[in-house]
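Trainee: Turn this into a model:
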Amino acid sequence: MAQEGAGSPGPGPGIRQPWSRSEGRLSGAVLRPLQAFLATEAASGILLLAAAVVAIVWANSPWRDAYDRLWHTELVIALGRWRLAHDLGHWVTDGLMTLFFFVVGLEIKREVLTGELRDPRAAAVPVVAAVGGMVAPALVYLLVAGGGPAGRGWGIPMATDIAFALGVLTLVARAAPPGLKPFLLTLAIVDDIGAIVVIAVFYSGGVALRPLLIAVALLGLVVAMQRARVRASAVYVLLGIAVWVATSESGVHPTIAGVALGLLTPAVPFQRPATVSREAHRVADETVDEPSPPDADAPYWLYLAGLSREAVSPLARAEAFLHPWVSFVIVPLFALANAGVDLSARALSDAAGSPVALGVLLGLVIGKPLGITLATWGAVRGGLGRLPNGAGWRDVLGLGTVAGIGFTVSLLVTDLAFGGSSLLEAAKAGILAASVLAGALGALVLGWRRGHGR
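Mentor: Sure, this is the predicted structure:
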């Protein structure tokens, strides 16, 4: 997931900087470099990689039992006779990852309204490429793994981990044409839409009609309150939690509630910027820099702060607030909970002979680039659009290979497909092997341009 935008303006003259941005020795040596690192596109991918490495090392260390006990610790929320109980791993997968999919829903809506998906012709080629990159891996997996219980994992190699994929693209940014990044972002958004549909339709349990109707009614209430111009964020947070609980009880995977709420979030601000600007000038004219007693003008500025906040759409505010938490806390925590794969000699031997692991590996490493490249070729030849500026077919192949890093959502689908099954570990091993191989091959193919130029 990547935060796209025009950036934030720098401070004007007279603006006092916080201590973290001051010229002090500690802030200059530690905090500012840390802030600069976190602002880079590769930061979330690096942190995600670090969490996965910690999980693998921990799960294969003498403290493996502590790793298993931690994620199987039961956490219960009870209210009277009503009781919701899951182990900690499921709270991360079904609870915190709902916020991940809520941000995905926000990004999808933003892309449709103002981004690459706004222009159907500009979006046509990456959309077709994304579809090819979902269908081909699923077919490759089914050809290798066959039907039966193993066949249930066909959705695993369909996903693309945008954090890792963008990280690889950033590493070779000097070699790759700039048009590849928006192409990859659009492809990833469509890939996320496909993953949402697959999870909702194929990986949800038996649906209980009553809680599902309650969830739909609550979503209708959210829309009605938006129409009534209810602006209190706390109201929508409580309604969102209620939608999540009802969706979870219905048998539909609760992350779908996050997507639905994200798509319903308004993309239009409550206040017009010009109106807020006029109010800001009026408040500035009616207040002084050093009132007596101190802070006597606070009500004026609190009023203006509220207006300024409402000059930004709820969608942009929610995305700006949640994006750092999702990128730097929730997704790494999910990796820590799910990437702990047994890498003992026996486990690796079992995975090497498993059609599930092989199907996931080939689906991501071969199916993804093959599907994306062939679909892109068909779309361009069919006149739907053209390649990104400066890009050639080698770049498309490299981008398709990088898209074979299917870490986060692939692990989620693995848990839905094989949770509690002996096939779970084999599928995870396939994902890890494929992600490493796809990342290395993608960097090699995309970085060829630089080496060839020298």
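
Trainee: quick one, what contacts the residue lying closest to residue 91 once chain neighbours are set aside?
Mentor: Across the structure, with CB to CB, 6 or more residues apart in numbering as the measure, the residue nearest residue 91 apart from its sequence neighbours is residue 75 (5.6 Å). In short, each C-beta sits where N, CA and C put it, glycine included. Contacts of residue 75 were listed using CB atoms under 8 Å, 6 or more residues apart in numbering, and they are 85-88, 91.

Trainee: quick one: the strands in the stretch 301-450 of the chain?
Mentor: Per DSSP state E, counting those that start in this stretch, the stretch 301-450 of the chain has no strands. Nothing in it meets that criterion.

Trainee: Out of the contacts of residue 75, who's the most crowded?
Mentor: With neighbours defined as other CB atoms under 10 Å, the most crowded of the contacts of residue 75 is residue 91; it has 19 neighbours.

Trainee: measure that one to residue 79 for me?
Mentor: Using CB to CB, to the nearest Å, we find residue 91 at a distance of 17 Å from residue 79.

Trainee: The residue nearest to residue 91: what secondary structure?
Mentor: Classification of residue 75 into helix, strand or coil gives strand, according to DSSP: H, G, I helix; E, B strand; the rest coil.

Trainee: Would you enumerate the residues in contact with residue 428?
Mentor: Residue 428 makes contacts with 338-339, 341, 411, 414, as judged by CB under 8 Å, 6+ apart.

Trainee: again, only using 7 Å
Mentor: The neighbours of residue 428, taking CB atoms under 7 Å, 6 or more residues apart in numbering as the test, are 341, 411, 414.

Trainee: How much space separates it from residue 378?
Mentor: Using CB to CB, one gets 33 Å for the distance from residue 428 to residue 378.

Trainee: and the residue nearest to residue 91, what are its bridge partners?
Mentor: Beta-bridge partners recorded for residue 75 (DSSP bridges): residue 86.

Trainee: Local confidence estimate at it?
Mentor: With respect to pLDDT, residue 75 scores 85.

Trainee: Let me know the outermost residue of this protein.
Mentor: Note on the chain: the largest C-alpha distance from the chain mean falls to residue 292, namely 49.0 Å (CA atoms, centre = their mean).

Trainee: and that residue, which of the three is it?
Mentor: Secondary structure state of residue 292, per three-state DSSP, is coil.

Trainee: how about it, phi and psi?
Mentor: In this entry, residue 292 is assigned phi and psi values of phi -130, psi 120 (degrees, to the nearest 10).

Trainee: Over to residue 270?
Mentor: In this entry, residue 270 is assigned phi and psi values of phi -70, psi -30 (degrees, to the nearest 10).

Trainee: what sits against the residue nearest to it when sequence neighbours are not counted?
Mentor: Once its chain neighbours are removed from consideration, residue 270 has its nearest residue in residue 310; the separation is 4.1 Å (CB to CB, 6+ apart). Contacts of residue 310 were listed using CB under 7 Å, 6+ apart, and they are 269-271.

Trainee: go with 10 Å
Mentor: Remark: with contacts taken as CB atoms under 10 Å, 6 or more residues apart in numbering, residue 310 is in contact with 231, 269-272, 275-276, 317.

Trainee: Among those, name the buried ones.
Mentor: When neighbours are counted using 16 or more other CB atoms under 10 Å, these contain these buried positions: 269, 276.

Trainee: Among the contacts of residue 310, which ones are in helices?
Mentor: 275-276, 317 (DSSP state H).
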